[in-house]
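> Fold the stuff below for me.
(4 chains)
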Protein chains: 2
Amino acid sequence: MKVLTKNTDYAIRALLVLGTHEGEYVSARQISQQQGIPYQFLRRILQELNKNGLTTSREGAHGGVRLEKNPDAIRVRDVIEIFQGKVELSECMFRKQICANRASCVLRHEIMRIEEIVSREFGQITLGKLLTDLTKLNATATMEHTDEFEIINSGSHEKTDSNHR
Amino acid sequence: MKVLTKNTDYAIRALLVLGTHEGEYVSARQISQQQGIPYQFLRRILQELNKNGLTTSREGAHGGVRLEKNPDAIRVRDVIEIFQGKVELSECMFRKQICANRASCVLRHEIMRIEEIVSREFGQITLGKLLTDLTKLNATATMEHTDEFEIINSGSHEKTDSNHR
DNA sequence: TTATACTGATACTAAATTAGTATCATTTAT
DNA sequence: ATAAATGATACTAATTTAGTATCAGTATAA
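Numbering: from 1, shown residues only, chains lettered A, B, ... in the order given. So this is what the prediction gives:
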């Protein structure tokens, strides 16, 4: 039972990076490398965030993406909805044929209730909150190396795409 | 964001049918027709329920599947876990590389919390409860035709598989 | 004025999951 | 014997998720 897809996961991590650089434009390449997210995949994700008004971008050298909205106004639920559709009954075998069958009707009722809970919970987690958590975590973390909160993606199979032609 | 797959959905509906015939063996064909579930697909689902001890079966003519456990002892969560894996972090991009990255770490923390809530909620819904709901629904439902709670699956594309060779 | 570092747009492929179908062997009631 | 059932398992199709590639255009700065 997968709750978050990579899309959403990467998007939130990217937003966290942007959140630690508020006002600045950060390039997809930089985020990709810092977070170990496949470059081209990330690019599409960032474009999607742009289209949804969470970020804005600047083209050309020294360009990149910048957080547009206030971190406290960005809810994890919003991001989930961009990439995975509504939490509440998006995939609905139900709405189309509402209670065509009473057995699915009673089940549906319970599922809707739980989906509402999940929606509410994800609606309460803002980027601002995550950034605070991150700061705390970084503060506690026995102050060693790493000037960022990176600690890359344990030597996985993923190439960060080193296309510096 | 799909919460239940067809597998799970069909399984629960099948269990509801069995629950309304406690002690009796009901054939896959019968359930398939009553609920509009593709026959072969349902067969595999029932075998899975058997293997997990929720039901038992009898072969041959007049055979079928029978509820083995008490409806109050069957939780929707159990069924979900059979077909979709654990609610809590089954798909874990996390457990394998726990907090390799602090950004995913803060996110993960929140997701785990929500998954626990979901798990708890689904753990509280038993087949017994659904059966009660169903009975009420049937009682309220302006007593017309339909001697069962069927009202088949609105003329869909699915064939119930009329393989009566 | 040209090389470089970027984004925009979009098409494509690959992998994984979900959904559904088919077949054959065996069992059991009649 | 035959029909109605399950057991086991292999197969296909559809959908979703993940990832790659390419080309056009823009801004900076040497």
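> Show me the strands in chain A, by range?
Listed in chain order, the strands of chain A (DSSP state E) span A:55-58, A:64-67.
> Reformat the ones you listed as TSV; add mean pLDDT, mean neighbour count and distance to chain B.
Just so you know, the C-beta spots here come from the backbone N, C-alpha and C atoms, and that holds for glycine as well. Shown next, in TSV, are the strands of chain A (pLDDT from 0 to 100; neighbours: other Cβ atoms under 10 Å in any protein chain shown; distance: least, Cβ to the nearest Cβ, whole Å):
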stretch	mean pLDDT	mean neighbour count	distance to chain B
strand A:55-58	98	16	16
strand A:64-67	98	22	14
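> can you tell which of those strands is closest to A:Gln35?
strand A:64-67 (13.1 Å; Cβ to Cβ).
> Now do that closest one: which elements does it pack against?
If you count contacts as 3 or more Cβ pairs under 8 Å, 6 or more residues apart in numbering or on different chains; DSSP states H and E, strand A:64-67 packs onto helix A:6-19, helix A:28-35, helix A:39-51, strand A:55-58.
> contacts for the shortest one?
The reference is to strand A:55-58. Residues outside strand A:55-58 that contact it (Cβ atoms under 8 Å, 6 or more residues apart in numbering or on different chains) are A:Leu15, A:Leu18, A:Tyr25, A:Leu46, A:Leu49, A:Asn50, A:Gly63, A:Gly64, A:Val65, A:Arg66, A:Leu67, A:Glu68.
> sorry, back to before: can you tell me which of the helices and strands packed on strand A:64-67 is most buried?
Most buried of the helices and strands packed on strand A:64-67, by mean neighbour count (mean count of other Cβ atoms under 10 Å in any protein chain shown): helix A:6-19, with a mean of 23.
> Do that one and chain B come into contact?
Yes. Part of helix A:6-19 sits near chain B under the criterion Cβ under 8 Å from any Cβ of the partner chain, namely A:Lys6, A:Asp9, A:Ile12, A:Arg13, A:Leu16, A:Val17.
> Surely the third one touches A:Asp78?
This points to A:Ile12. No. Contact criterion Cβ atoms under 8 Å: A:Ile12 and A:Asp78 do not qualify, at 10.3 Å.
> residues near the closest residue to A:Glu121 other than its chain neighbours, how many?
Spatial nearest neighbour of A:Glu121, excluding adjacent residues (Cβ to Cβ, 6 or more residues apart in numbering or on different chains): B:Ile114 at 4.9 Å. Around B:Ile114 there are 19 other residues, counting by other Cβ atoms under 10 Å in any protein chain shown.
> show me what contacts B:Ile114?
A:Val3, A:Val118, A:Glu121, A:Phe122.
> closest to DNA strand C among the residues you listed?
Set against DNA strand C, the nearest of the contacts of B:Ile114 by Cβ to the nearest atom of the strand is A:Val3 (11.6 Å).
> Show me which residues of chain A sit near DNA strand C.
Contacts of chain A with DNA strand C, taken as Cβ under 7 Å from any atom of the strand, map to A:2, A:27-30, A:40, A:43-44, A:46-47, A:50-51, A:57-65, A:164.
> Below-threshold pLDDT in chain A: ranges please.
Applying pLDDT under 70 to chain A picks out residues A:89-100, A:142-165.
> In it, which residue sits nearest DNA strand D?
Closest point on chain A to DNA strand D, by Cβ to the nearest atom of the strand, is A:Gly60, at 2.2 Å.
> I'd like the distance between that residue and A:Gln34.
21 Å (Cβ to Cβ, to the nearest Å).
> A:Met112 too?
39 Å.
> Please tell me how far the residue nearest to A:Leu49 when sequence neighbours are not counted sits from A:Glu68.
In space, and not counting its chain neighbours, A:Leu49 is closest to A:Thr55: 4.7 Å by Cβ to Cβ, 6+ apart. As for A:Thr55, its distance to A:Glu68 is 5 Å (criterion: Cβ to Cβ).
> What of A:Ala139?
Per Cβ to Cβ, A:Ala139 is found 27 Å from A:Glu68.
> higher neighbour count, those two?
When A:Ala139 and A:Glu68 are compared for neighbours, A:Glu68 comes out ahead with 16 against 8, by other Cβ under 10 Å.
> you'd agree the more buried one is up against A:Asn52?
No. At 9.7 Å, A:Glu68 does not count as touching A:Asn52 under the criterion of Cβ under 8 Å.
> and the direction of the longest helix along chain A versus that of helix B:28-35, what angle?
As assigned by DSSP state H, the longest helix anywhere in chain A is helix A:102-124. Interaxial angle of helix A:102-124 relative to helix B:28-35 (axes from the mean of the first three to the mean of the last three Cα atoms, to 10 degrees): 70 degrees.
> distance from the centroid: which residue in chain A tops it?
Computed with Cα atoms, centre = their mean, the residue of chain A farthest from its C-alpha average is A:Arg102, at 37.0 Å.
> quick one: it and B:Leu134 touch, right?
Yes. With contact defined as Cβ under 8 Å, A:Arg102 counts as touching B:Leu134 (6.1 Å).
> quick one, what contacts A:Pro71?
A:Gly19, A:Glu22, A:Thr126, A:Leu127, A:Gly128, A:Leu131.
> Can I get the buried part of these as one ChimeraX selection?
Here is the ChimeraX command that selects the buried residues among the contacts of A:Pro71 (16 or more other Cβ atoms under 10 Å in any protein chain shown):
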select /A:19,126,127,131
